[in-house]
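A.B. asks: With the sequence up front, the predicted model follows.
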Amino acid sequence: MSQLTKAITRQLQRQYGEPVLNDLNGNWYTGADMLEDLALCETSLQQQNVHAGQAILLSPAQVVTIPSLLLASWQLGLTVTLTPPSHQLPEIAPQVYAAMVYSSSQTNQLANQLDPSEISVLTLILNTAPNFAYLVHDHAQPLARHSHPDLILPANQCQFTQSQLLKMAEHDQPRECVHDLYDLETGLLPCLTNLITATPFTIQPTKNAFLPN
């Protein structure tokens with residue numbers, strides 16, 4: 001466990017029965033809710049043999065799931081690519097990603113096109129997303145990289161290690177409302193700062209993004 005994930009999970013344990021995250025629909029999620037989602041996602045990925053050195057793509061419409069997904073991925077040693085959902089049906093890239101998270105409708109559409117011997121569809125009942133599903137490439141190999149970032153943000157054209165993210169988050173200011181988790185400055189960094197400082201906050205949907213159910 002890295003210093004970043006350790007700091008966040010410690011705070012979530014302290015906020016076990018307290019509100020941490022609001023989805024803008026009036027639904028508050030407690031530290032317990034997020035820890036349960038984290039554990040469920042981590043266990044599910046492990047059971048599918050997704051492991052350190054591999055990569056995961058996170059592009060869910062339900063942005064409230066992102067914090068737990070990030071933590072679960074990082075605790076498994078995965079490189080996370082975080083990119084906003086789009087209007088177009090995404091192309092599957094199993095040669096790059098061991099697991100992929102899209103919107104529910106996109107996942108269902110893709111499931112009809114997949115070879116089940118290569119790519120599986122997994123469903124989970126998360127506190128933050130009761131109808132959560134993701135795709136797993138059953139024979140994915142670790143990527144050969146010169147560097148091993150923990151996070152890649154195509155929208156910002158940058159990549160970071162967890163150590164770098166922790167340092168930036170420690171110097172950022174907590175915010176009661178976070179806009180666009182797919183953007184470093186307006187969303188992801190303040191989200192991490194809020195989590196390590198036990199600041200309850202609301203996540204705004206991504207502006208101009210395709211947000212199916």
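C.D. replies: Received the coordinates, thanks.
A.B. asks: CA only for contacts and neighbour counts going forward, please
C.D. replies: OK.
A.B. asks: Lowest-scoring secondary structure element of the protein by mean pLDDT?
C.D. replies: helix 104-111 (a mean of 86; mean pLDDT, DSSP states H and E).
A.B. asks: what about that helix, distance to the chain center?
C.D. replies: 18 Å (C-alpha atoms, centre = their mean, to the nearest Å).
A.B. asks: Show me what that helix packs onto, helices and strands only.
C.D. replies: strand 132-137 (3 or more C-alpha pairs under 8 Å, 6 or more residues apart in numbering; DSSP states H and E).
A.B. asks: what helices or strands is the strand it packs on leaning on?
C.D. replies: Using 3+ C-alpha pairs under 8 Å, 6+ apart, strand 132-137 sits against strand 99-101, helix 104-111, strand 119-124.
A.B. asks: partners of the helix or strand that that strand is followed by, with directions?
C.D. replies: Remark: after strand 132-137, the chain's next helix or strand is strand 151-153, criterion DSSP states H and E. As defined by DSSP bridges, the strand partners of strand 151-153 come to strand 79-82 (parallel), strand 158-160 (antiparallel).
A.B. asks: low-scoring stretches of the protein, by residue?
C.D. replies: Applying pLDDT under 70 to the chain flags the ranges 93-94, 141-147, 206-213.
A.B. asks: returning to that earlier point: buried deepest among the strands paired with strand 151-153, which one?
C.D. replies: Mean neighbour count (mean count of other C-alpha atoms under 10 Å) peaks for strand 79-82 among the strands paired with strand 151-153, with a mean of 24.
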